[in-house]
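Asks: What would the 3D arrangement of this be:
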Amino acid sequence: MSNQRRSGKQSVREMETKSWCVEWFGSEGDFLAGGKGQSIPLAPLCGLENLYAIGSLEERPGEVSIFNSVPFVSEVRNPTEMIDSNRVYRAEFLLYTIVERWHRASIWKSVYSEKELEAALLPLAVVEGISVDEPFPFLLYGHVVRAAGRFFCKPDHLHGSDQSKTAKSRFSIAEESVEVIGFFSVNHQGHLTPPDSPFHMHLRTMDNRISGHLDAIQWDHGFVAELPAKER
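Replies: Below is the predicted model:
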């Protein structure tokens, strides 16, 4: 079955019957603009297998990243922490996918920009029968020359002395192995992806030291990419 685009009203039972799908709640644009939307609890989703997700937390200065059903929270104060089972987390914006089977391919060339990444990924997606006009997920693995990102915060999450922490909301790494969960969509810029990009990606270092929204990444010697596999 091909991927389906919905506004997040699909039931968990429905989702589990598909080979892969992309779902979302809310809008990244509304979150960053300070709009108050309906939030969703993360607990029901975190029990699902083969789950990958990126999103922004409700009423907290931070984000959530889920890599193969393992969730992490990123905050200005705590760059990476495992989700605490004793706390209740809700997301104001969440973009997620359940993929049962991935197809792996090696990309043996340098990639320094989103345009180059797009040129490398889209032909692979077409081979797997993925419609590149609809949102689709991908995974990236490898050793980066450098990468930079941030922990998105609403302005009203920082008050008084917290304003001094805004500089800490960004991270930069170099010469390190990482995993990236990303989504590509040419028709949802400003909604599922940033206004100036068809990509929305989160990164984690392989030692789980840092996770968060990815702004830029450079690969010198190639990397491994995975996309939802074509149905048998």
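
Asks: The chain: strands as residue ranges?
Replies: With DSSP state E, the ranges of strands along the chain come out as 20-25, 40-41, 51-57, 62-67, 70-75, 81-82, 90-99, 102-107, 136-150, 170-184, 199-205, 211-218, 223-228.

Asks: Least reliable of those strands by average pLDDT, please.
Replies: Among the strands of the chain, strand 81-82 carries the lowest mean pLDDT, a mean of 47.

Asks: The longest helix anywhere in the chain: which residues count as buried?
Replies: Counting residues, the longest helix found in the chain (DSSP state H) is helix 114-127. Residues of helix 114-127 classed as buried under the neighbour-count rule (16 or more other CB atoms under 10 Å) are 114, 117-118, 120-121, 124-125. Every C-beta, even on glycine, is put in place using the N, C-alpha and C of the backbone.

Asks: As a markdown table, those with pLDDT and distance to Ile54 would be great.
Replies: Below are these laid out as a markdown table (pLDDT from 0 to 100; distance: CB to CB, whole Å):
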| residue | pLDDT | distance to Ile54 |
| --- | --- | --- |
| Glu114 | 95 | 16 |
| Leu117 | 97 | 16 |
| Glu118 | 97 | 18 |
| Ala120 | 96 | 20 |
| Leu121 | 96 | 17 |
| Leu124 | 95 | 20 |
| Ala125 | 95 | 19 |
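
Asks: of all the strands of the chain, which lies closest to Gly190?
Replies: Nearest to Gly190, of all those, is strand 199-205, at 10.8 Å by CB to CB.

Asks: Does anything pack onto that closest one? Which helices or strands?
Replies: Strand 199-205 sits against strand 51-57, strand 62-67, helix 114-127, strand 136-150, strand 170-184, strand 211-218, with contacts defined as 3 or more CB pairs under 8 Å, 6 or more residues apart in numbering; DSSP states H and E.

Asks: May I see the domains of the protein written out as residue ranges?
Replies: Residue ranges for the domains of the chain, per automatic domain parsing: 12-99, 102-228.

Asks: now the helices and strands packed on strand 199-205 as a markdown table including distance to Leu45?
Replies: What follows is the helices and strands packed on strand 199-205, written out as a markdown table (distance: least, CB to CB, whole Å):
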| stretch | distance to Leu45 |
| --- | --- |
| strand 51-57 | 6 |
| strand 62-67 | 8 |
| helix 114-127 | 25 |
| strand 136-150 | 15 |
| strand 170-184 | 14 |
| strand 211-218 | 17 |
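
Asks: closest one to Glu92 among the ones you listed?
Replies: Using CB to CB as the measure, strand 51-57 is the one of the helices and strands packed on strand 199-205 that comes nearest Glu92, at 5.4 Å.

Asks: coming back round to it: okay, the strands of the chain in CSV with distance to Gly190 and mean neighbour count next?
Replies: Compiled in CSV, those are given as follows (distance: least, CB to CB, whole Å; neighbours: other CB atoms under 10 Å):
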stretch, distance to Gly190, mean neighbour count
strand 20-25, 13, 22
strand 40-41, 21, 16
strand 51-57, 15, 25
strand 62-67, 18, 24
strand 70-75, 22, 20
strand 81-82, 29, 12
strand 90-99, 12, 24
strand 102-107, 28, 15
strand 136-150, 17, 20
strand 170-184, 14, 18
strand 199-205, 11, 22
strand 211-218, 15, 22
strand 223-228, 24, 21
